[in-house]
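**Student:** here is a sequence with its predicted model. Questions after.
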Amino acid sequence: MFALSLLAVLGPMTTDLYLPAFPRIAADLHASPAEIQWSLSVTLVGVAVGQLLFGPISDSVGRRRPLLCAAMIHVAASAAIAVTSSVAGLLVWRLLQGLGAAGVSVLTLAIARDLFEGRRLVRVLAHLGLLSGLAPVAAPVLGSLLLNALDWRGVFLVLAGYGLLAMAGYAAALPETATGAGARPAAVKDRYRAVVTDRALLGAAVIGATMAAGVFAYVSASSFVYQGTFGFSANVYALVFAVNAAAFALGSPAAAWALKRLSPQVLLRWALGAAFVAAVVLTTSAVLHAGAVGLTFAFFGFLLAAGICMPTIQIVALEQHAMQSGTAASIFGFINFGFASIISPLSGVGGDRILTLGVLLAALGCAATLSLELLVRPELKGRAHAAAGGPSPSLEGHERV
């Protein structure tokens, strides 16, 4: 579990650790703020592409070699950024850094599916989700502390060192977990066919994409809303942001607790309903100019609901794909990151950012609910009816409507 924990936070550390260094990077490389912001965008492109690359490969050759290769790419790119002298070099190496981080992330999910199943898998994914939720909060704070002692290049050397630590922890603690790799007759296209024809997985991926898009939309708009609209200082904004981010992180253990009592589809129905209500409260706050308090409660509720959804939909997506969990995790992650990167910038459209964000989150909540009702629940009910021994206790068991 410790090795998986180290791997799980590499992605958030990659995207968020260097954020406080943006002004220093711009000054050192004689670049505009917009050019430096592109370094985050190209990282997400690398993350999306890496999802599709490493997952299917790992189903053929095993998890160990692809994961170590992805980690080495990440470490090499981090070290190269530390010595780059141009914006072009920064962008190229950040692309590769995102590619490596994606390989580590998608294979961490695949390894978890290899090792665990049922309720144990729920607990493991909830634990990894908690770490992935806390890491984006802690990474900028850690980055700020590092900048008190190091320049921005040192931050990337620290990131390279962490990549080496995570790689060494995995290599020492875990053997090859995809025991059937190399002996499987299915070609890559057959594995993709098995995954993309699974309506439950595709529905879960849509739910994850809408929730991820909502979270990214909040992150991209929150500073403008709190500091621009309400005049919060940087320190007060950081405190509010941390509280809301904690809500997202707490969603994972809340999901693990709830899944002992409810089936995934019932829990998703409640969580998506709560997300929609939070979006309506946010929209109403914008129309009535209710102030920052109501706004913060709405954000907290939406992020808590999104945090509950994430480990739950991972269970739905991966449960039926033990033999192609790498491919399943890659498709799931690609849809999440791809959709979120397209939709989240819409939070900046229009003159009233709060109203725009509220309407966007409400629309995303509706889309997620439709996906649950039209794709996920019918597929899971069909599996329950087809199973000779009754519903699987890990997914379809005792649905309470």
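**Tutor:** Okay, I see it.

**Student:** pull the distance from the helix or strand that contains Val124 to the chain's centre.
**Tutor:** Val124 belongs to helix 118-149 when assigned by DSSP states H and E. Chain-centre distance of helix 118-149: 11 Å, with C-alpha atoms, centre = their mean, to the nearest Å.

**Student:** check which helices and strands it is in contact with.
**Tutor:** Contact analysis of helix 118-149 by 3 or more C-beta pairs under 8 Å, 6 or more residues apart in numbering; DSSP states H and E lists helix 2-8, helix 10-16, helix 87-115, helix 152-173, helix 234-258, helix 292-318 as its packing neighbours. Yep, even glycine has a C-beta here, placed from its N, CA and C like the rest.

**Student:** mean confidence (pLDDT) on the first one, please.
**Tutor:** Per-residue pLDDT values across helix 2-8 average out to 86.

**Student:** which other residues reach that helix?
**Tutor:** By C-beta atoms under 8 Å, 6 or more residues apart in numbering, the residues outside helix 2-8 that reach it are 67, 104-105, 107-108, 111-112, 124, 127-128, 131-132, 135, 165-166, 169-170, 172-174.

**Student:** same thing but 7 Å
**Tutor:** Under the criterion C-beta atoms under 7 Å, 6 or more residues apart in numbering, residues 104, 108, 111-112, 128, 131-132, 165-166, 169-170, 173-174 lie in contact with helix 2-8.

**Student:** so which of those is the most crowded?
**Tutor:** Val104 (29 neighbours; other C-beta atoms under 10 Å).

**Student:** who wins for proximity to Ala217 among the helices and strands packed on helix 118-149?
**Tutor:** With C-beta to C-beta, the closest approach to Ala217 among the helices and strands packed on helix 118-149 belongs to helix 292-318: 10.0 Å.

**Student:** counting by contacts, list what the helix or strand that the closest one is followed by packs against.
**Tutor:** Following helix 292-318 in sequence order, the next helix or strand is helix 325-343 (DSSP H and E). Judged by 3 or more C-beta pairs under 7 Å, 6 or more residues apart in numbering; DSSP states H and E, the packing partners of helix 325-343 are helix 33-61, helix 87-115, helix 188-196, helix 199-223, helix 292-318.

**Student:** just the CA atoms of helix 325-343, as PDB, please.
**Tutor:** Extracted as PDB, the C-alpha positions of helix 325-343 are listed here (Å, rounded to 0.1, in the frame of the first residue of the first chain):
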ATOM      1  CA  SER A 325      -7.500  -3.400 -16.400                       C
ATOM      2  CA  GLY A 326      -4.700  -1.300 -17.900                       C
ATOM      3  CA  THR A 327      -6.700  -0.600 -21.000                       C
ATOM      4  CA  ALA A 328      -9.800   0.100 -19.000                       C
ATOM      5  CA  ALA A 329      -8.000   2.500 -16.700                       C
ATOM      6  CA  SER A 330      -6.400   4.200 -19.700                       C
ATOM      7  CA  ILE A 331      -9.800   4.800 -21.500                       C
ATOM      8  CA  PHE A 332     -11.300   5.900 -18.200                       C
ATOM      9  CA  GLY A 333      -8.500   8.400 -17.500                       C
ATOM     10  CA  PHE A 334      -8.300   9.700 -21.100                       C
ATOM     11  CA  ILE A 335     -12.100  10.500 -21.100                       C
ATOM     12  CA  ASN A 336     -11.700  12.200 -17.700                       C
ATOM     13  CA  PHE A 337      -8.800  14.400 -18.600                       C
ATOM     14  CA  GLY A 338      -9.800  15.100 -22.200                       C
ATOM     15  CA  PHE A 339     -13.300  16.200 -21.400                       C
ATOM     16  CA  ALA A 340     -12.200  18.200 -18.400                       C
ATOM     17  CA  SER A 341      -9.600  20.100 -20.400                       C
ATOM     18  CA  ILE A 342     -12.200  21.100 -23.000                       C
ATOM     19  CA  ILE A 343     -15.000  22.000 -20.700                       C
END
